[in-house]
Structures are given as structure tokens and as C-alpha cells.
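K.L.:
Got a predicted structure here, sequence first:
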Amino acid sequence: TWKLGDFARETIARIREEVGDARVICGLSGGVDSSVVAALLYRAIGDQLSCILVDNGLLRKDEEGAVISEFSSHFKTDLHVVSAKERFLNKLAGVSDPQEKRRIIGYEFIECFKEEATKIKDAKFLAQGTLYPDVIESGAAQDGPAAVIKLHHNVGGLPKELGFDLVEPLRDLFKDEVRKLGIELGLPEDIVWRHPFPGPGLAVRCLGEVTEEKLAVLREADAIVVNEIKSANLYRSTSQCFAVLLPVQSVGVMGDARTYDNAVCVRCVDTDDFMTATWSDLPYEVLARISTRIINEVKGVNRVCYDISTKPPATIEWE
Ligand code: XMP
């Protein structure tokens, strides 16, 4: 870690020099990259930093909460939370095509961010959590689908028209180095070790049309999956774990009554690069606990499946 300590000190000095006394905006997504960028910027320029978090209503249970409290109480940054849940849900009403959902969410995100950013006076720079693999990827596959997805949906990919100069302090780092740097900067492990979460969020895990009711069911089921994986000490050894709400009802029995309720699929994968992935070989007792808890605790779900598909040919997400 001595090397990362040096990296942090040098980067902080470089940011100060680059930015002078101008204001810098940093978008927070809830993920590790943007959190580390914000923590680094805070160390470098303190109250010249303004953070924007767009709450699109598609985040995981309690996910934005941890980030909000970290960056408002611990780091005490000028934090702007844009509460845009209604706005996103209205735009998504009646839409079931996955790419159309992505387009809508990507577009609204940029609009929300832009509106909030223009309210912040004297902002000259935009800090982004671009990593070394992103730099390589966008150079190598300019028009590839992966690059397109990243450009449109990650906080790291706001359009140039915003008119800010970019600050990208993580450009030379790999993900594991970013995590170590996060620890070095005092971020909590909960944020530093967080699994990646797609920009379109729960919308692409709520198959078909997205509604507030479906999101509520999915959010509860998903929280149980993550919670049980963490309790079994498997969170760090798996790459992503989550619930998917299927657009399927099936018959069940509860007590003496027949039910006709939703099915949830649990997805948990191991991967190094997210281009290929295998399903995690979870112990049966963990799967059993996840299933029992979801069926007992989440109203409207009577069946739980485990996804045993590798990527390729299946993708990690279901949409
Ligand atoms: P797939 O489903 O393509 O996912 O195997 C590979 C990785 O990318 C994430 N992912 C996304 N990330 N916007 C994002 O920011 C998206 O639209 C998107 N789609 C997939 C996925 O969670 C996995 O880590």
C-alpha cells in the first residue's frame, strides 16, 4: 500500500495544481469508482467540490443511503441529491423493450445531471471515474456495444456538450487498485467492495414493463440475496449477485390456499472481466436460505429459481 499512498499524495497535488480555485463537479453513482474519485477530490480541494447524485428510483435497497451519509456527514461535501424517481418511472411507463429502457434512462440521467450542474455556479471541471480498462476499451472498440453501453449509462460518460474540462484521476488504475485506494482514503468497506451495478439499475432486472409495485418486490428480494451472500462470507469471492423479477406467474400453495404469484430468479456469477462469466457454485444451504427467506418475506413471490447459465451464451443481466 505504500505505492498507493504515494499515488494518492501525487494525485492530490496534481489535482490541486490542475484545478486551481475553480469548482469541480463529481457525479456519484453509488459505486466504488465514483466514490473513490469524490473522496480523492475532497482530499485535494475540500469545499470546492460539489457532488451530484441522481436518484432515479432504480437503485438497490438502501444503496444510495450509504453514499449520501458518507458524502454528507463523513466527507461533508456539497452534495446535491436529485430526487427523480417519479420522472424516470413516468418515462418508463408502458415500455418493455430492454434497449428502449436503457435509452430512456440514459437520456433522463444526462438531463437530470445537466439541470443540476447548471445550478452550480463557477463549476469548471467534471471529475469522472474512468479506469485504465475503460481507456483501453474505448480506444480499441470505439463503436462496440460495450463501449456504447458504458458511454451512455455510466456516470463516467457524460457528454462533452456539458462544457466541462475533465478530471480523471483513476485513468491509470485497475479496479483492485481503486479499491485499495478507497480504503487508503478512508471509505467504508461496504462501499469499497460493492459489486458493480449497471447504470439502468433495477430496470433491467425487472423484466418487461417497470412499475413501482414490481420494483418494490424486486428490491426486497434482491436485498435478501445480497444479505445472505454477505452473511455466508461469499460477497468478496463472487463478482455480482442479484435478484431478477420474472414476468411470470406460477401456481403455488400457501396454507390451504392456492396462490398464483411471481417468480424470482437469483443470479450470482464469478468473472474476472465481465466478458465471460460462470455461475457461482453456491452451497445448497445458502441457496435454500435465500429461497426460504424470499418466499416467506417477500409478498407476491411464491417461486425462486437459480440461474445456471454461463456467459456466453447468456449475459450476466437478463435484459
Ligand atoms: P452483461 O449482461 O452484458 O453485463 O453480461 C456485463 C456487465 O455490464 C453490466 N451492464 C451494464 N452496465 N449499463 C451499465 O453501466 C448497462 O446498460 C449495462 N448492462 C450490463 C452488468 O451488470 C455486468 O457487470
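P.N.:
Yep, that arrived.

K.L.:
From now on I want contacts and neighbour counts done on CA atoms only, so please keep to that.
P.N.:
Noted.

K.L.:
Run through the residues that contact Leu170.
P.N.:
37, 129-132, 178 (CA atoms under 8 Å, 6 or more residues apart in numbering).

K.L.:
That should have said Glu285, apologies.
P.N.:
Under the criterion of CA under 8 Å, 6+ apart, Glu285 has no neighbours.

K.L.:
Confirm that it sits in a strand.
P.N.:
No - under DSSP: H, G, I helix; E, B strand; the rest coil, Glu285 falls outside any strand and is assigned helix.

K.L.:
With secondary structure and distance to the ligand added, can I get the contacts of Leu170 in TSV?
P.N.:
As requested, these are arranged in TSV below (DSSP: H, G, I helix; E, B strand; the rest coil; distance: CA to the nearest ligand atom, whole Å):
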residue	secondary structure	distance to the ligand
Val37	helix	17
Gly129	coil	12
Thr130	coil	12
Leu131	coil	14
Tyr132	helix	16
Val178	helix	17
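
K.L.:
Filter those residues down to the buried ones and hand me the ChimeraX line.
P.N.:
Command for ChimeraX that selects the buried part of these, burial taken from 16 or more other CA atoms under 10 Å:
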select :37,129,130,131,178
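
K.L.:
For the contacts of Leu170, work out which two are farthest apart.
P.N.:
Val37 and Tyr132 (13.8 Å; CA to CA).

K.L.:
mind listing the strands for the stretch 151-300 of the chain?
P.N.:
Using DSSP state E, counting those that start in this stretch, the strands found in the stretch 151-300 of the chain span residues 165-167, 240-254, 257-270, 278-279.

K.L.:
list the helices and strands the first one packs on?
P.N.:
Packed against strand 165-167, as judged by 3 or more CA pairs under 8 Å, 6 or more residues apart in numbering; DSSP states H and E, are the following elements: strand 123-127.

K.L.:
which one of the contacts of Leu170 is nearest Ile15?
P.N.:
Distance to Ile15 across those (CA to CA) is lowest for Val37, with 11.1 Å.

K.L.:
Enumerate every residue touching that closest one.
P.N.:
Contacts of Val37 (CA under 8 Å, 6+ apart): 26, 127-129, 169-170.

K.L.:
Could you count how many residues lie near the nearest residue to Gly27 once chain neighbours are set aside?
P.N.:
Nearest-residue entry for Gly27: Ile52, 4.8 Å, with adjacent residues in sequence omitted and distances by CA to CA, 6 or more residues apart in numbering. Number of residues near Ile52 (other CA atoms under 10 Å) recorded here: 19.

K.L.:
Mind checking what secondary structure Ile52 has?
P.N.:
On the three-state scheme (three-state DSSP), Ile52 is labelled strand.

K.L.:
residues touching it, list them.
P.N.:
So Ile52 contacts 25-28, 79-82, 113, 116-117 (CA under 8 Å, 6+ apart).

K.L.:
can you pull out the strands in the stretch 1-150 of the chain?
P.N.:
Secondary structure of the stretch 1-150 of the chain (DSSP E, counting those that start in this stretch): strands at 23-28, 49-55, 78-83, 123-127.

K.L.:
and the most centrally placed residue in the chain, what does it touch?
P.N.:
By CA atoms, centre = their mean, the mean C-alpha position of the chain lies nearest to Phe197, the distance being 3.1 Å. The contact partners of Phe197, taken as CA under 8 Å, 6+ apart, are Gly31.

K.L.:
Kind regards, and thank you for your time.
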